[in-house]
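Engineer: When you get a sec, could you give me coordinates for this:
(chains A and B)
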Amino acid sequence: MLQLVASRLLATIPTLFGVLVVAFLLLNVVPGDPVAEMVGERADSATIARLRAELHLDEPVPVQFGHYLWGVVRGDLGRSYITQRPVLGDLAERFPKTLQLAGAAMLLAVTCGITLGVLAAIRPGGWIDRFSMLIAYVGVSFPVYWVGLLLILLFAVALRWLPPSGYGGIAFLVLPALTLGTRSIAFLARMTRGAMLDILPSDFVRTARAKGLGERRVIGRHALRNALLPIITVLGLDVGNYLTGSILTETIFSWPGVGRYVLLAIQKRDLPAVQGSILFLSVIFVLVNLLADVLYAKADPRVAYD
Amino acid sequence: MLRHLLRTVNLFDTAKSVLFLCFLAACHRQTGGADQARGLVYYETYDPRSLDPALSTDVPTGEMVTLLFDGLTRFDPDGGLLPGLSDRWTTDRKGQRYVFHLRPGVSFHDGRPLVAGDVERSLVRVLNPATHGGRVWPLLPIAGAGDFADGRARDVRGIEVIGDTAIAFTLTEPLAIFPKFLAMPVASVVPSSVTPDFGQRPVGTGPWRFVAWEHDDYLRFARNPNYWGGAPLSESLTVRIIPEALTRAAEFLSGRISVVEVPFGETKKWEQEHPDWLKRKPALRPIYVPLNNRRGPLRDARVRQAINHAVNVPEILRTVWNGRGALAAGSIPPTLGGSDRARRRYSYDTTEARRLLRAAGYPNGFSLQLWRSGTNVEMGRVAQAIQSQLAVLGIQVEIVSRDASSMREAVRKGDTDMAITDWWADYPDADNFLYPLFHSASVGPGGNYAFYSDRVTDSLIMVARRTVDQSAREALYARIDQRVFDAAPWLYLWFAVDLWAEHPSVDGWDISVIFNGQRWTKVRVTAGR
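Structural biologist: As a prediction, the model looks like this:
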């Protein structure tokens, strides 16, 4: 297992390098000028030229990339052009908040999604099945943006149970987590239902029932455990969705996380901030998927990594 | 059967606990950083760059700097120029040398007394290339400032400290509006020695002291009880960062922010349901379409005039823009000196438009691109209306939607035929609507997006800048505006009228026509919130 983790970690290095190259090239290709965003609506060309030179933006792209790469190797993601603060510090300040939101959304998605899926699979075609699949359809089809605003209108403006937006205690977490988790609830419910329906007619399930195990044990320990395998994979890949989905959710709910940081950085063409965020999020994505693989082995003894 | 199922799946227990947690959360309200028991709550749409005046190049940063710092002069909410840290100033007859006398007894938030040396070092710091500020132009009229900013001089020779209580500026040439330049956030006075994290922990002389800043979340300020202009009436001021317009409306409706700009889509609804909340004021902000005077058929003034006649601006203002504007017949806002309120705007007259197009040699029209920023939905709708009305004349308009940064780059390079945009005043003076927008030295990044270039206009603008007599200066502005208007470098639309809602519990707040005219000193919360 340790070997697996070590080799996988090594393999991430070229992946991350690729991410860096692509991000750097893309940002150099898209129109928009970081210096124009720094100086605001009115500027003299001497100031613009001076700032370009100071930021090395007048150097050839490979040289700029070299500068940047050398910084990354030393653990320095550079300073934001706009705020002049170190990018790594900005990310470290915001990431726990994004993690908190993504974690809450995931918890919600896993508990509600799997529960709905299992309940649906126990009696396919029954009313619970139809009801939960309706919820799943609705959840998948509604845009995050719309769901978020609707939740704010209902729970914050009409009922006044929860604050509309902002960062703080659990009360502030509920609506954004629900918004971010909705798609996943729906997706996981469908996924779990399918996996359970495949598993339930299996021989080992019949054997478990035949030897007199209670239905709760049969479903919970035998069937669900087997159905969990594809779900874990999906969850691992879904982390990417949580991180990108957080851009919209954090904007609607004024949540001070990484998503909004990236969005503003892109709008302002704040190259170090965008590159740093992309690299950072890629690292998280790779690590989470590594974790998913490890969990996979834990959940299924047949899976062995050499 | 349900009970049976519930027993079957132990995961349901977890689901129940999650629901219970949600319930708990609902009970456990009103905690956390974003909440504030009492005191004023304002908002910004994105996190300020910094709280260092030297970096104030955008509106959020400028507004926050205005709370914490003062300049030698300042603006009131209606755009009038008031004394700031300097309580009186004198100028020579030519308007080239200014002496500002400091207000006695002013100290910084940390207790250090303000001296003239602080003023000098603050301005030099802004000009210093090592500051990487990006906005030096308000100080460039000072003799030697340009050389210093470019690293060609060791000091700024036009600044002279006179003892501890006065400072003199010699300008490269007479500039009547120089005291207005000194009211801009970038010219704020900071202590002589600042810490490396000054932008995060600022110390100023302003009405509010810095308390806390959680990035992308909120800033908190406490009243400066010793403020020379009279301590703020409220104990604290919180500024939350809320990017989404409808979320801001929800925050306002649930009583958690003191004032809010009414979202465009909600205009009619709020006007009907809550007329008592609303405040409106004409803003110093033209909404316009620069017609690139150097591209294709737009080079011909008759074509540009035809476009102005072909678009039914009053109708678009009323329907698409919800009437939140005042029709423009020129580029100087009607509330500023130099605007000619008697001037007649281009009438909606398609016959005249056709005649002009024929005369220019385009009887069958031509094709143009109209750029818009994808994030500005309202301006996008205006663009569509313009597109359909120009189609009547055979002018085929293709709408190009890009993000704001891409559009700005294209417009500044002169790669666009037309673009729908607006202009926010830096300082309340007609010069701010002529020099940047129509002087040939300002083409591109300077603000002249129409690439309008006319020697007579240039020289008249420079004459006006040097004219000390206010009424003579305003007469010149009216003349320049007329000359430009006749050449129709823009499709003239309207001046925005700001529409805000003030929470019933808030008292003493007023819309400011200029972003740095708002200090919140006379505002307070009256009822329990």
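Engineer: how about residue B:451, what does it touch?
Structural biologist: Residues in contact with residue B:451 (Cβ atoms under 8 Å, 6 or more residues apart in numbering or on different chains) are B:290, B:292-294, B:414, B:443-444. In short, each C-beta sits where N, CA and C put it, glycine included.
Engineer: again, only using 10 Å
Structural biologist: When contacts are counted by Cβ atoms under 10 Å, 6 or more residues apart in numbering or on different chains, residue B:451 touches B:290-295, B:298-299, B:411, B:414, B:440, B:442-444, B:489.
Engineer: Any idea how many residues pack against the nearest residue to residue A:291 once chain neighbours are set aside?
Structural biologist: Leaving aside its sequence neighbours, residue A:291 sits nearest to residue A:236 (Cβ to Cβ, 6 or more residues apart in numbering or on different chains; 7.2 Å). Counted with other Cβ atoms under 10 Å in any protein chain shown, residues neighbouring residue A:236 total 18.
Engineer: swap in residue A:142?
Structural biologist: 15.
Engineer: what's the answer for residue B:361, then?
Structural biologist: What residue B:361 shows, counting by other Cβ under 10 Å, is a neighbour count of 10.
Engineer: all helices in the stretch 301-450 of chain B, in order from the N-terminus.
Structural biologist: For the stretch 301-450 of chain B, the helices defined by DSSP state H, counting those that start in this stretch occupy B:301-310, B:313-319, B:350-360, B:377-391, B:404-413, B:435-438.
Engineer: Quick check, the residue in the stretch 101-250 of chain A closest to chain B?
Structural biologist: Nearest residue of the stretch 101-250 of chain A to chain B (Cβ to the nearest Cβ) works out as residue A:168 at 1.3 Å.
Engineer: before we move on, the earlier item: let me know which of the helices of the stretch 301-450 of chain B is the nearest to residue A:51.
Structural biologist: Judged by Cβ to Cβ, the one of the helices of the stretch 301-450 of chain B that comes nearest to residue A:51 is helix B:404-413, at 14.8 Å.
Engineer: Now do that closest one, average pLDDT.
Structural biologist: The pLDDT scores in helix B:404-413 average 93.
Engineer: Mean confidence (pLDDT) on the helix or strand that residue A:4 is a member of, please.
Structural biologist: When elements are assigned from DSSP states H and E, residue A:4 belongs to helix A:2-29. For helix A:2-29, mean pLDDT is 86.
Engineer: Determine the set of other helices and strands touching the very next helix or strand once past that helix.
Structural biologist: Using DSSP H and E, the next helix or strand after helix A:2-29 towards the C-terminus is helix A:34-39. Contacts defined by 3 or more Cβ pairs under 10 Å, 6 or more residues apart in numbering or on different chains; DSSP states H and E place helix A:34-39 against helix A:45-54, helix A:271-299, helix B:404-413.
Engineer: What angle do helix A:2-29 and the second one make with each other?
Structural biologist: Pointing back at helix A:271-299 there. Here helix A:271-299 points in a direction 150 degrees away from that of helix A:2-29 (axes from the mean of the first three to the mean of the last three Cα atoms, to 10 degrees).
Engineer: anything in stretch B:427-447 near chain A?
Structural biologist: Yes - between stretch B:427-447 and chain A, judged by Cβ under 10 Å from any Cβ of the partner chain, the touching residues are B:432, B:435-437, B:441-447.
Engineer: Would you mark the buried spots in that stretch?
Structural biologist: By 16 or more other Cβ atoms under 10 Å in any protein chain shown, the buried positions in stretch B:427-447 come out as B:427-439, B:442-443, B:445-447.
Engineer: In strands, which of the contacts of residue B:451 fall?
Structural biologist: Of those, the ones assigned to strands by DSSP state E are residue B:290.
Engineer: Can you say which of the contacts of residue B:451 are buried?
Structural biologist: Among the contacts of residue B:451, those classed as buried by 16+ other Cβ under 10 Å are B:290-293, B:295, B:298, B:411, B:414, B:442-443, B:489.
Engineer: out of these, who's nearest chain A?
Structural biologist: Nearest member of these to chain A, counting by Cβ to the nearest Cβ, is residue B:442, at 7.8 Å.
Engineer: Distance to residue B:469 added to the helices and strands packed on helix A:34-39, as CSV?
Structural biologist: Converted to CSV, the helices and strands packed on helix A:34-39 look like this (distance: least, Cβ to Cβ, whole Å):
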stretch, distance to residue B:469
helix A:45-54, 32
helix A:271-299, 49
helix B:404-413, 35
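Engineer: on that earlier part again, just after the host helix or strand of the residue nearest to residue A:291, pick out the following helix or strand.
Structural biologist: If you go by DSSP H and E, residue A:236 is part of helix A:224-252. With elements assigned by DSSP H and E, the helix or strand that comes after helix A:224-252 is helix A:258-267.
Engineer: That following helix versus helix A:2-29: what angle between them?
Structural biologist: Using the same axes, to 10 degrees: helix A:258-267 against helix A:2-29 is 30 degrees.
Engineer: And chain B, is helix A:258-267 touching that?
Structural biologist: Yes - looking at helix A:258-267 against chain B by Cβ under 10 Å from any Cβ, the contacts come from A:258-261, A:263-264, A:266-267.
Engineer: nearest residue to residue 184 other than its sequence neighbours?
Structural biologist: No chain specified, so I'll use chain A. residue A:109 (3.5 Å).
Engineer: The intended chain is chain B.
Structural biologist: residue B:138 (5.0 Å).
Engineer: quick one, what contacts that neighbour?
Structural biologist: A:42, B:71, B:123, B:126, B:145, B:178, B:180-187, B:426-427.
Engineer: Can you list the low-confidence ranges for the stretch 201-306 of chain A?
Structural biologist: A:303-306 (pLDDT under 70).
Engineer: Would you mind listing what in it touches chain B?
Structural biologist: Counting by Cβ under 10 Å from any Cβ, the residues of the stretch 201-306 of chain A lying close to chain B are A:214-221, A:224, A:248, A:250-261, A:263-264, A:266-269.
Engineer: rerun that using 6 Å as the cut-off
Structural biologist: A:215-216, A:219-220, A:251-252, A:254, A:256, A:260, A:264, A:269 (Cβ under 6 Å from any Cβ of the partner chain).
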